[in-house]
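Visitor: Sequence unavailable; structure follows:
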């Protein structure tokens, strides 16, 4: 079993291309046993990069960000007049939660590989690799001093917890372990318990790593204290939505972490005029990202970026297959969230047809680094943003609003709105403020894969005011918000149970 896990990790890493120039200058991962491989600090750094590549490979194997975080609440429709339109109709399958038919092979969109989202093996490869790395660092690696050991362990713990958090939001309960070379079958554990263990784990490592890096090539690319704080905030807020008895504790923890993040002065909101820098990556706004650049030979699956669905000529080429966007956000929805005409995100992130309700719509948020010559069918050269300072400021504000600290929450909301040159919030507190913060996150993070998860954790997915695809309380409690888990998970694990809602046919 140990050999199978190790060889699988090695094979997975070999298929993941580097993500920045520094990635190209490290030895490829060829062993994970440690005794022969972890002989220097360079070996440890190489291993950390390879673990990140394994996680990114799960994002890069399908249209992940849109499928899991944007389309399932029904705001997006496909353009029937677009090129190969039947293959884009999957957005409506997601929008009505018809996941079983979405992942059934023989569909026009098979090349999107949506069925791979149901397979959690890649995440467990990264988890096992992180477990091994931490164990070997504890044993001692030549050339690694105590300070470096603490930082490397913190990075490995971040990757491990990021995998668990990702799986919790996709599948609910998951199998949890942190021991190296784990091979014993385990049942799925309640996801609130899993996230609490991850939070405790990250808290033990948080202060062993710098807030950010002076080397601009590492900003956002390597995990930092800012990355860990962002992940802990996200996990606390997720648990607050499902562990009502302890919600106040989670809100307080999020507020404390948010305060620490702001007080560090390690991050800032860049002016919208510099948005191309933000989305390109490695900016002072990035808390964690999977940096990608064509200049370094990175190979991103053509359908993986969300920009692929919401751009047309001249930002996507050739013209004859990109006269309209493949999909669009409903005009009614855009009217709801962008009522304030002073908001500069409207003109910076969208074309003039923001309310078009058809394929003339474009999300220019991802078009700032487009190729303006040639006829190649290529997406803009952007990073895959996971956590961004603007999103965490609003999460901090949400926690404060739930603690009744309305004035402090409004100050944070208005920081984000000031960057957008939008009218400052001047309404009341309580539910009015909480709803406004929800919509502000919908505006600020549109297309970044957070919207659906915000609907789920706040239970707004149960309310037609906030979602086109409303779940009943019964469906929600049976896991209709999750994804099905691949039946491969039950192989050789007598304790494994798949998600009830999907086993019963998704109804």
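Guide: Okay, I see it. Remember, predicted model here, so these are calculated numbers, not experimental data.

Visitor: C-alpha from now on. contacts and neighbour counts both.
Guide: Will do.

Visitor: Please give me every residue in contact with residue 172.
Guide: 190, 191, 479, 482 (CA atoms under 8 Å, 6 or more residues apart in numbering).

Visitor: Taking those, please make a ChimeraX selection of just the buried ones.
Guide: Listed next is the ChimeraX selection for buried residues among the contacts of residue 172, using 16 or more other CA atoms under 10 Å:
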select :191,479,482
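
Visitor: quick check, nearest of the contacts of residue 172 to residue 211?
Guide: Residue 211 lies nearest to residue 191 out of these, by CA to CA, at 27.9 Å.

Visitor: From the contacts of residue 172, pick the one nearest residue 94.
Guide: Checking the contacts of residue 172 one by one against residue 94 (CA to CA), the nearest turns out to be residue 482, at 11.9 Å.

Visitor: returning to that earlier point: can you add pLDDT and secondary structure and give the contacts of residue 172 back as CSV?
Guide: Compiled in CSV, those are given as follows (pLDDT from 0 to 100; DSSP: H, G, I helix; E, B strand; the rest coil):
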residue, pLDDT, secondary structure
190, 98, coil
191, 98, helix
479, 97, coil
482, 98, coil
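
Visitor: In CSV, list the contacts of residue 172 along with distance to residue 329.
Guide: Below are the contacts of residue 172 laid out as CSV (distance: CA to CA, whole Å):
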residue, distance to residue 329
190, 35
191, 32
479, 26
482, 23
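
Visitor: which one of the contacts of residue 172 is nearest residue 157?
Guide: Looking across the contacts of residue 172 and measuring by CA to CA, the closest to residue 157 is residue 191, at 17.6 Å.

Visitor: tell me the contacts of the closest one?
Guide: 168, 172, 173, 174.

Visitor: can you map out the strands along the protein?
Guide: For the chain, the strands defined by DSSP state E cover 76-78, 286-290, 327-329, 384-388.

Visitor: List the contacts of the last one.
Guide: Right, strand 384-388. So strand 384-388 is contacted by 227, 230-231, 279, 281, 285-292, 305, 448 (CA under 8 Å, 6+ apart).

Visitor: Helices along the stretch 351-500 of the chain, start to end?
Guide: Listed in chain order, the helices of the stretch 351-500 of the chain (DSSP state H, counting those that start in this stretch) span 389-402, 406-419, 430-444, 451-457, 473-477, 500-503.

Visitor: how about residue 334, what does it touch?
Guide: Going by CA under 8 Å, 6+ apart, the list of residues near residue 334 reads 354, 355.

Visitor: If you count neighbours, what's buried in the longest helix seen in the chain?
Guide: In the chain, with assignment by DSSP state H, the single longest helix is helix 146-171. Buried residues in helix 146-171, counted by 16+ other CA under 10 Å: 149-165, 167-171.

Visitor: how much space between the residue nearest to residue 82 when sequence neighbours are not counted and residue 92?
Guide: Spatial nearest neighbour of residue 82, chain neighbours left out: residue 326 (5.4 Å); criterion: CA to CA, 6 or more residues apart in numbering. According to CA to CA, to the nearest Å, residue 326 and residue 92 sit 12 Å apart.

Visitor: shared neighbours of those two, which are they?
Guide: By CA under 8 Å, 6+ apart, the residues touching both residue 326 and residue 92 are residue 78.

Visitor: so where's the stretch 151-300 of the chain shaky on pLDDT?
Guide: Applying pLDDT under 70 to the stretch 151-300 of the chain flags no residue at all.

Visitor: scratch that, the chain
Guide: Those would be 1-35, 372-375, if you go by pLDDT under 70 across the chain.

Visitor: sorry, back to before: check the contacts of residue 172 against residue 125 and report the nearest one.
Guide: residue 191 (19.3 Å).

Visitor: In contact with the spatially closest residue to residue 144 that is not a sequence neighbour, which residues?
Guide: Excluding its sequence neighbours, the residue lying closest to residue 144 (CA to CA, 6+ apart) is residue 41, at 5.5 Å. Neighbour list for residue 41: 141, 142, 143, 144 [criterion: CA under 8 Å, 6+ apart].
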